[in-house]
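1. what's the 3D shape of this:
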Amino acid sequence: MKKKPEDDSLQYYPMTPQKMEQQEFRQYYRRLSEFFDTSLLRSGFNGGVLVAKNGNILYEKYSGKVDIRKSDSITASTSFHIASTSKTFTGIATLRLVQEGKLSLSDTMNKFFPGFPYTGITVKMLLNHRSGLPNYLYFMSNNKWGILPDGKWNKQMATNRDMLNMLIEKKPNVTGRPDGKFTYSNTNYALLALIIEEVTGKSYPVYMKEKFFIPLQMNNTFVFTLKDTLTATPSFTTTGTYWNNDFLDATYGDKNIYSTPQDLLKWDQALYTNQVLEQSWLDSAFKAYSFEKPGIHNYGLGWRLQLLPNGKKVIYHFGKWHGNNAAFARLPDEKATVIILGNRFNRNIYNAAHLCYDIFGDYMQRRQTETDDSPESTDKTPPAATKESKKATSTKPATKKKE
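-> Numbers count the residues shown, from 1 in each chain. Below is the predicted model of the structure:
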């Protein structure tokens, strides 16, 4: 008799895709091909697109170069920086620890971080962006982290612990009282990564690999660390200029997961099985928590939501970091999945993802006049000073970008 593994949670059995009739597949394929081939793929798109229904891949295409200065074509195994789409992993990982009884949504920050200067902030408030904490992408730049006396960058990259230490030492101003309102802040998810490390005794990259990426056979997915600097897929501006790393490129939890469209489909499908997380906790992740501002857009626990007037619901998370764009959306009524990843900055990625929903049902995307807190206004990218040619050398860390 085989010995039962110590951690039974590592035994994952993927869903079996539902059978799709040939005619239905061909109808979807024609519509998706016509849509993407005449729009996004003609906009200078450099990346990968995958659209699926019930686990069946309906449309998949890769376009451009891994490094546009070279001749290496993008393939299905090319890993892209998914920016704030990483928050879906951090959110589910946190809820998994709550499910296991190792953490509580009502735990406050002082339980994990002695000397934390802000009271009344809970794990749940980090998850749904209602903590009121300022965005570290700004306060670290404003406090000139890593700047030498001569005004030059010391070439060091900030860690999550550096971010926490600055919160404690500098006490930057909050954006609101705890649970007062929704304010998207990357600080929340960088802190959640630290909490995961405190609770598990493992680094966030190792824990995510062991708990999720390996069991789900997400073989091309990883959390970026400094050892990946020379091998990770680079990113570029719209005009094709190489986008240099800066002092904010070592923090994780809020960003810094690299993945592929195929791996993200595995992630999507795993969330229909209850093996990653029990249904009650999945329901809590996909529930809206912020209603002080009327509208269709809301936020769950690690997931953005569109709650449409006709009852349709979109569960998604987009992201932007440097020249990387990511769109990942789930349409639960049809069990459809839309995934678009790119490494040459292209705003059309987000619009294409939204409009694609209407191929599967009445998602009212062409009739929406309200815009959400889109990634281009929340995942603040460092300024043009860091967008350099391969011969240039950055001397200063990122500062706040005005938009």
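
2. give me the element Gln23 is part of.
-> helix 22-37 (DSSP states H and E).

3. Only alpha carbons, please: show that helix as PDB.
-> Extracted in PDB, the C-alpha atoms of helix 22-37 (Å, rounded to 0.1, in the frame of the first residue of the first chain):
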ATOM      1  CA  GLN A  22     -18.000  20.800 -34.300                       C
ATOM      2  CA  GLN A  23     -20.500  23.300 -35.500                       C
ATOM      3  CA  GLU A  24     -20.400  25.300 -32.300                       C
ATOM      4  CA  PHE A  25     -16.600  25.300 -32.200                       C
ATOM      5  CA  ARG A  26     -16.400  26.500 -35.800                       C
ATOM      6  CA  GLN A  27     -18.900  29.300 -35.100                       C
ATOM      7  CA  TYR A  28     -16.900  30.600 -32.100                       C
ATOM      8  CA  TYR A  29     -13.600  30.200 -34.000                       C
ATOM      9  CA  ARG A  30     -14.900  32.200 -37.000                       C
ATOM     10  CA  ARG A  31     -16.200  35.000 -34.800                       C
ATOM     11  CA  LEU A  32     -13.000  35.100 -32.600                       C
ATOM     12  CA  SER A  33     -10.700  35.000 -35.600                       C
ATOM     13  CA  GLU A  34     -12.600  37.800 -37.300                       C
ATOM     14  CA  PHE A  35     -12.600  39.900 -34.200                       C
ATOM     15  CA  PHE A  36      -8.900  39.500 -33.200                       C
ATOM     16  CA  ASP A  37      -7.400  39.200 -36.600                       C
END
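
4. pLDDT on that helix, on average?
-> What helix 22-37 shows for mean pLDDT is 97.

5. I'd like the next helix or strand past that helix.
-> Helix 22-37 is succeeded, C-terminally, by strand 47-53 (DSSP H and E).

6. got the angle for that next one vs helix 22-37?
-> Going by axes from the mean of the first three to the mean of the last three Cα atoms, to 10 degrees, strand 47-53 is angled at 150 degrees with respect to helix 22-37.

7. what does strand 47-53 rub up against?
-> Contact partners of strand 47-53, identified using Cβ atoms under 8 Å, 6 or more residues apart in numbering, comprise 20, 28, 32, 36, 40-41, 57-64, 74, 76, 78, 80, 260-262, 264-265, 268, 325, 334-344, 346, 349, 356, 360. Glycine gets a C-beta too; all of them are placed from N, C-alpha and C.

8. can you check stretch 121-129 too?
-> Contacts to stretch 121-129, defined as Cβ under 8 Å, 6+ apart, come from residues 91, 94-95, 98, 103-109, 130-133, 178-179, 182-185, 188-189, 191-192, 195, 289-290, 299-302.

9. Which of the residues you listed are buried, as a ChimeraX select command?
-> The following ChimeraX line selects those of the contacts of stretch 121-129 that are buried, judged by 16 or more other Cβ atoms under 10 Å:
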select :91,94,95,98,103,105,107,108,109,130,131,132,133,178,179,182,183,184,185,188,189,191,192,195,289,290,299,300,301,302
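
10. Mind giving me the packing neighbours of the helix or strand where Leu167 lies?
-> In the assignment (DSSP H and E), Leu167 maps to helix 160-170. Helices and strands touching helix 160-170, as assessed by 3 or more Cβ pairs under 8 Å, 6 or more residues apart in numbering; DSSP states H and E, comprise helix 136-142, helix 186-200.

11. Could you export the ones you listed as JSON lines, including mean pLDDT and distance to Lys255?
-> Output for the helices and strands packed on helix 160-170, formatted as JSON lines (pLDDT from 0 to 100; distance: least, Cβ to Cβ, whole Å):
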{"stretch": "helix 136-142", "mean pLDDT": "95", "distance to Lys255": "10"}
{"stretch": "helix 186-200", "mean pLDDT": "98", "distance to Lys255": "7"}
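
12. Dump these into a markdown table; add distance to Gly240 as well.
-> As requested, the helices and strands packed on helix 160-170 are exported to a markdown table (distance: least, Cβ to Cβ, whole Å):
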| stretch | distance to Gly240 |
| --- | --- |
| helix 136-142 | 25 |
| helix 186-200 | 27 |
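
13. starting at the chain centroid, how far to the helix holding Gln23?
-> With Cα atoms, centre = their mean, to the nearest Å as the basis, helix 22-37 stands 28 Å off its chain's centre.

14. Next: stretch 20-40.
-> The answer for stretch 20-40 is 27 Å, by Cα atoms, centre = their mean.

15. out of the contacts of stretch 121-129, which are inside helices?
-> Using DSSP state H, the subset of these located in helices is 91, 94-95, 98, 109, 188-189, 191-192, 195.

16. Quick check: buried residues in the helix holding Leu167?
-> So, applying 16+ other Cβ under 10 Å, buried residues of helix 160-170: 160, 162-164, 166-167.

17. circling back: quick one: which of the ones in helices among the contacts of stretch 121-129 is nearest Leu230?
-> Distance to Leu230 across the ones in helices among the contacts of stretch 121-129 (Cβ to Cβ) is lowest for Tyr189, with 26.1 Å.
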